[in-house]
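> model the following, please.
(one chain, ligands or ions: 2)
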Amino acid sequence: MKNAQPKTIYLKDYQPPNYLIDTTELRVELMEEGATVTATLKMRRNSHAGEDAPLLLHGIELELRELKIDGRVLDANEYYADAESLTIEQVPAEFVLESTVFIKPQENTSLEGLYKSDDMFCTQCEAEGFRKITYYLDRPDVMSEYTTTVVADKAGYPVLLSNGNPIDSGELDNGRHFVTWHDPFKKPSYLFALVAGDLEYIEDSFTTMSGRNIELRIFVEEKDIDKCDHAMRSLKKSMAWDEEVYGREYDLDIFMIVAVDAFNMGAMENKGLNIFNTSAVLAKTETTTDAAFQRVEAIVAHEYFHNWSGNRVTCRDWFQLSLKEGFTVFRDAEFSADMGSRVVKRVEDVSLLRTAQFSEDAGPMAHPVQPASFIEISNFYTLTVYEKGCEVVRMYHTLLGPELFREGSDLYFDRHDGQAATIEDFTRCMEEVSGRDLTQFKRWYSQAGTPRLDVNGSYDADAQTYTLNFAQSCPATPESAEKQPFHIPVTLGLVGQQGDLPLTLQGVEQTETYTDMVLEITESEQSFVFENVTEQPVPSLLRDFSAPVKLDFPYSNADLTFLMSRDSDGFNRWDACQKLATGILEGLVQAQLDGATMELDSSLVAAFRTVLNDDSLDPAMVALMLKLPSEAYLAEEADVIHVDEIHNAREFVRDQLAQQLKAEFQAAYDSNQVSEPYEPSAAQIAKRSLKNVALGYLMLADDDAISLARSQYDNANNMTDSAAALALLVCSDKPQAQHQAAELIIAFYEKWQQEALVVNQWFTVQAIAPQQGAVERVRELMQHPAFDIKNPNKVRSLIGAFCANNHVNFHRTDGAGYQLLADMVIELNTLNPQIAARLLAPLSKWQKQIPQRQQLMKEQLSRILATEELSKDVYEVVSKSLK
Ligand code: TRP
Ligand code: ZN
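Ligands and ions are numbered 1, 2, ... in the order given. Sure, this is the predicted structure:
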């Protein structure tokens with residue numbers, strides 16, 4: 001690497017700021033050749049700082065035009081600027097700093113700071129983008145009151161938005177106009193936002209619990225105005241839910257959402273002015289799948305909930321990121337559970353955690369929920385901080401119970417309102433309201449890695465006791481090899497022939513009997529004895545996935561089949577099915593390695609038949625149970641990943657199930673048709689998901705199903721059904737299906753080429769088709785006029801989808817898949833470092849691959865590391881993965 005080695009930032013080095021900014025006045029002049037930003041900051045020295053403390057402001061890629069203190073222009077020798085900062089050696093205790101800089105949003109492809117998406121100007125400041133707009137103390141513990149004036153050409157940019165309430169507007173010379181916004185709530189710079197464009201909006205209102213009327217607006221480009229209703233409904237539901245469940249009311253008089261097409265993440269919670277990726281806000285029946293409708297509802301809720309968990313109470317520093325993200329993911333997950341099916345939501349979230357987060361936790365970038373250090377904070381917006389962080393909050397909820405948890409959250413919001421808080425502040429509130437010492441529990445924040453729980457049980461028929469023995473351990477991760485025991489809540493029941501047995505725990509006073517209880521595992525090894533157990537039970541452990549651990553219990557296939565139909569916990573019924581299928585698939589991978597022929601254990605067919613015939617089950621649960629564990633999950637579970645054998649084992653089992661259960665799949669397909677007009681309701685989504693899973697099996701069972709899929713495609717009145725049929729045809733090996741697919745790929749594009757989000761689905765379907773030649777196909781699609789490397793949604797839907805969901809082709813043993821990814825990373829490194837670093841993740845996980853693949857993956861990583869002018873983002877991931 002040519003540039004100096006990037007610096008590591010440590011949590012232990014945290015120091016409060018030497019200077020504070022009470023008020024921030026911005027004037028942003030937007031022009032076609034660039035933008036001029038004038039910042040007037042009322043500043044003062046912080047109480048702990050000495051008179052000689054220099055003023056160090058953050059600033060990146062800013063062209064300084066003028067710098068004044070208390071109205072006096074500074075000479076060039078009175079300050080010092082480098083690539084990332086500006087230092088003034090001597091400043092008074094209180095002063096007004098005024099800077100004018102020139103920036104070029106039109107050339108900003110990093111999508112951080114002020115940039116252009118299509119024809120509009122927009123901003124993304126989290127985590128450290130504000131320093132690309134003006135010189136500032138760009139750190140979340142510096143909170144200021146903002147007044148922002150946006151100036152632009154009126155014809156090109158009739159809509160000018162920023163945080164808070166509009167307080168002034170008017171016409172200027174040369175067809176220009178301005179709007180001034182004032183945000184009465186102090187906020188850190190990462191929550192600043194500005195938008196200017198030719199936008200349309202839909203409007204609605206919400207009356208809060210105290211009777212205040214809130215104006216709600218969703219701004220989009222004119223062509224998308226028919227796709228905003230679902231997001232608006234979701235917003236109103238979120239506002240009502242946060243009042244009902246957390247007692248939290250919205251504070252400003254107006255709440256705005258703006259949709260932009262070029263965006264690095266899903267959405268951003270800027271105060272009063274959320275900016276969304278179009279993919280996280282736009283939805284309509286004809287263009288949007290069920291999954292995408294649900295994602296819109298969840299993300300709208302997530303960003304809205306940040307108004308309290310993130311904005312009113314913000315983070316002291318970026319090591320506290322999970323304080324707002326883990327908590328807010330927990331809040332949005334509970335919201336989604338309340339809006340739809342609780343068990344289905346839980347299964348989906350746990351599946352993501354177990355595949356993607358567990359794999360992150362086992363890889364070279366593994367880090368605790370509260371990291372101790374980073375090179376580039378953008379690399380730490382991870383599944384660990386978000387999803388595992390959510391699980392940690394959920395464990396508080398489990399340990400304290402819903403009432404105390406609510407008391408704890410009330411205390412947290414009240415005590416820290418208007419402050420930049422820490423994870424420690426949050427945990428202290430939970431400790432105070434419960435009166436419990438949660439010191440050990442807090443290891444969940446500081447120790448990385450997925451704990452293992454090895455459990456066994458024994459029944460003593462004479463004594464009528466059942467003993468459970470727990471042993472916990474945790475693999476080494478980069479930050480530490482030795483782990484202290486975790487405090488693990490294990491919700492469990494004992495299932496007998498007639499259902500859950502009453503639980504009597506030895507040595508514990510119980511006034512009531514339960515069929516469900518939370519055991520707290522705190523030691524490396526621990527045993528629990530249940531008394532008055534009248535029959536040999538099958539334990540149902542970790543109900544509702546009560547802790548983010550890998551639990552192993554020596555279940556027989558018969559035990560798992562039993563739990564699948566008898567467990568009172570819906571999540572564990574699904575999990576029993578997963579465990580059964582996983583065990584069988586792992587056996588088939590081994591069979592191939594041993595050169596044996598594959599044979600399917602009859603218990604899986606029998607279990608699937610039972611599930612398909614069980615009318616009491618929600619069709620969505622049936623669909624989830626019938627989906628075999630993904631290749632990614634099987635890879636995560638394996639010690640050594642045999643990519644092709646995993647794929648073949650799965651295909652073999654799918655084929656066998658299809659042949660043996662053809663009649664049942666046909667019946668499921670026929671009885672789950674929806675005749676009512678489309679709506680993304682839990683009931684309809686359930687039916688469509690089962691119907692489309694059944695169609696997938698039918699396609700394997702016989703050739704007639706090819707025309708069934710084709711007619712579903714032709715007759716569908718919604719995107720869920722047409723996209724499912726298209727994907728099945730494109731992914732099928734049958735020549736007849738391939739023939740249809742070739743035709744539909746052309747027709748689908750013709751029909752939807754004006755709809756960017758639909759074209760993205762079209763890229764994805766082609767990227768994940770497992771047939772040979774996918775690398776070449778993806779390279780070809782990169783040349784397609786609809787592809788644009790500067791648009792992250794396009795990159796994700798083509799390259800990201802290929803690497804994550806087409807294992808046999810990505811891991812091709814000639815290394816062509818790895819080379820494709822490395823080429824993309826190198827190209828994106830200069831254009832958009834955040835996206836480059838994210839894209840890189842699949843290449844960093846070479847440790848469990850077979851030696852031949854390890855070698856090829858490391859070669860590409862080394863090639864990236866040797867690239868000149870490597871961004872911090874890519875450098876951090878690539879250097880840590882080669883360690
Ligand atoms: N805070 C955003 C959220 O709700 C995350 C986010 C949006 C983000 N855009 C970003 C983080 C850009 C880093 C960079 O989760
Ligand atoms: Zn968030």
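
> give the contact list for residue 113.
With contacts defined as CB atoms under 8 Å, 6 or more residues apart in numbering, the neighbours of residue 113 are 60-61, 103, 105, 123-125, 129-133. C-beta here means a position set from N, CA and C on the backbone, and glycine is covered the same way.

> partners of it in the sheet?
With DSSP bridges applied, the residues forming beta bridges to residue 113 are residue 124.

> tell me the SS of the residue in the stretch 701-850 of the chain that ligand 2 sits nearest to?
Going by CB to the ion, ligand 2 is nearest to residue 834 of the stretch 701-850 of the chain, at 15.4 Å. Taking DSSP: H, G, I helix; E, B strand; the rest coil as the rule, one finds residue 834 in the helix state.

> surely it touches residue 263?
No - if you go by CB atoms under 8 Å, residue 834 and residue 263 don't touch, sitting 10.7 Å apart.

> next secondary structure after the biggest helix by length in the chain?
Longest helix of the chain, by residue count under DSSP state H: helix 389-416. Note on helix 389-416: by DSSP states H and E, the next helix or strand toward the C-terminus is strand 420-421.

> tell me which residues are up against that following strand.
By CB under 8 Å, 6+ apart, the list of residues contacting strand 420-421 reads 140-141, 143, 188, 313-317, 320, 323, 412.

> same question, stretch 510-517
Residues contacting stretch 510-517 (CB under 8 Å, 6+ apart): 491-493, 500-505, 543, 568-569.

> any idea what sits nearest whatever residue of the stretch 501-650 of the chain ends up closest to ligand 1, other than its immediate chain neighbours?
Per CB to the nearest ligand atom, residue 548 is where the stretch 501-650 of the chain lies closest to ligand 1, at 19.2 Å. In this structure, residue 548 finds its nearest non-sequential neighbour in residue 391, 4.2 Å apart by CB to CB, 6 or more residues apart in numbering.

> ok, so what distance separates the one you found from residue 383?
Distance of residue 391 to residue 383, computed by CB to CB, to the nearest Å: 11 Å.

> compare those two (neighbour count), which wins?
Using other CB atoms under 10 Å, the more surrounded residue of residue 391 and residue 383 is residue 391, with 25 against 19.

> how about the more buried one, what does it touch?
Contacts for residue 391 (CB under 8 Å, 6+ apart) come out as 326, 353, 547-548.

> pull the number of nearby residues for residue 480.
Burial of residue 480, expressed as a neighbour count using other CB under 10 Å, amounts to 15.

> run through the bridge partners of it.
If you apply DSSP bridges, the partners that residue 480 bridges to are residue 477.

> returning to what we had before: now do the shared contacts for residue 834 and residue 263.
With the criterion set as CB under 8 Å, 6+ apart, the overlap between the contacts of residue 834 and residue 263 is residue 111.

> so residue 275 touches residue 121, yeah?
No - under the criterion of CB under 8 Å, residue 275 is not in contact with residue 121, lying 11.4 Å apart.

> pick out the residue of the stretch 1-150 of the chain closest to ligand 2.
Closest point on the stretch 1-150 of the chain to ligand 2, by CB to the ion, is residue 126, at 8.9 Å.

> next, count neighbours for that residue.
With neighbours defined by other CB under 10 Å, the count for residue 126 comes to 26.

> same deal with residue 438?
Taking other CB under 10 Å as the criterion, the count of residues near residue 438 is 17.

> so what does it look like in phi/psi?
phi -110, psi 30 (degrees, to the nearest 10).

> out of everything not next to it in sequence, what's closest to it?
Residue nearest to residue 438 in three dimensions, not counting chain neighbours: residue 431, with 5.1 Å by CB to CB, 6+ apart.

> can you pull the pLDDT of that neighbour?
At residue 431 the predicted local confidence, pLDDT, stands at 98.

> over to residue 604?
Per the predicted model, pLDDT is 98 at residue 604.

> got the contact list for it?
With contact set as CB under 8 Å, 6+ apart, residue 604 has these partners: 580-581, 584, 653, 657.

> now tabulate those residues in TSV and tack on secondary structure and pLDDT.
Compiled in TSV, those are given as follows (DSSP: H, G, I helix; E, B strand; the rest coil; pLDDT from 0 to 100):
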residue	secondary structure	pLDDT
580	helix	98
581	helix	98
584	helix	98
653	helix	98
657	helix	98
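
> check these and tell me the two furthest apart.
Taking CB to CB as the measure, the contacts of residue 604 reach their widest spread between 580 and 657, a distance of 12.5 Å.

> what residue in the stretch 1-150 of the chain comes nearest to ligand 1?
The shortest separation between the stretch 1-150 of the chain and ligand 1 is 4.7 Å, found at residue 126 (distances taken as CB to the nearest ligand atom).

> so which residues on the stretch 1-150 of the chain come close to ligand 1?
Remark: the part of the stretch 1-150 of the chain in contact with ligand 1 comprises 124, 126-127, using CB under 6 Å from any ligand atom.

> need those residues in a markdown table (columns: pLDDT).
Putting these into a markdown table (pLDDT from 0 to 100) gives the following:
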| residue | pLDDT |
| --- | --- |
| 124 | 99 |
| 126 | 99 |
| 127 | 98 |
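
> using a markdown table, lay out the residues you listed together with distance to residue 661.
Listed next are those as a markdown table, based on distance: CB to CB, whole Å:
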| residue | distance to residue 661 |
| --- | --- |
| 124 | 49 |
| 126 | 49 |
| 127 | 50 |
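
> interface residues of the protein facing ligand 1?
The chain comes close to ligand 1 at residues 124, 126-127, 264-265, 267-269, 302-303, 325, 378, 381, as judged by CB under 6 Å from any ligand atom.

> from ligand 1, how far off is residue 387?
Residue 387 sits at a distance of 12 Å from ligand 1 (criterion: CB to the nearest ligand atom, to the nearest Å).

> do I have it right that that residue meets residue 350?
No - Residue 387 is beyond contact range of residue 350, at 9.4 Å (criterion: CB under 8 Å).

> more neighbours: which of those two?
The residue with more neighbours, out of residue 387 and residue 350 and counting by other CB under 10 Å, is residue 387; that gives 24 against 20.

> list the residues that contact that one.
Taking CB under 8 Å, 6+ apart as the definition of contact, the neighbours of residue 387 are 329, 349, 352-353, 356-357.

> could you report the pLDDT at the nearest residue to residue 252 once chain neighbours are set aside?
Excluding its sequence neighbours, the residue lying closest to residue 252 (CB to CB, 6+ apart) is residue 272, at 4.7 Å. At residue 272, the predicted lDDT confidence score is 98.

> can you pull the domain assignment for this structure?
The chain breaks down by automatic domain parsing into domains covering 9-198, 313-446, 454-558, 753-883.

> what comes into contact with the strand or helix carrying residue 777?
Using DSSP H and E, the secondary-structure element containing residue 777 is helix 774-781. The set of residues that contact helix 774-781 without belonging to it, under CB under 8 Å, 6+ apart, is 763, 766-767, 769, 787, 798-799, 802, 806, 809, 812, 816-817, 820.

> what residues of it count as buried?
774-775, 777-778, 781 (16 or more other CB atoms under 10 Å).

> residues in contact with residue 326?
The contact partners of residue 326, by CB under 8 Å, 6+ apart, come to 369, 385-386, 388-393.
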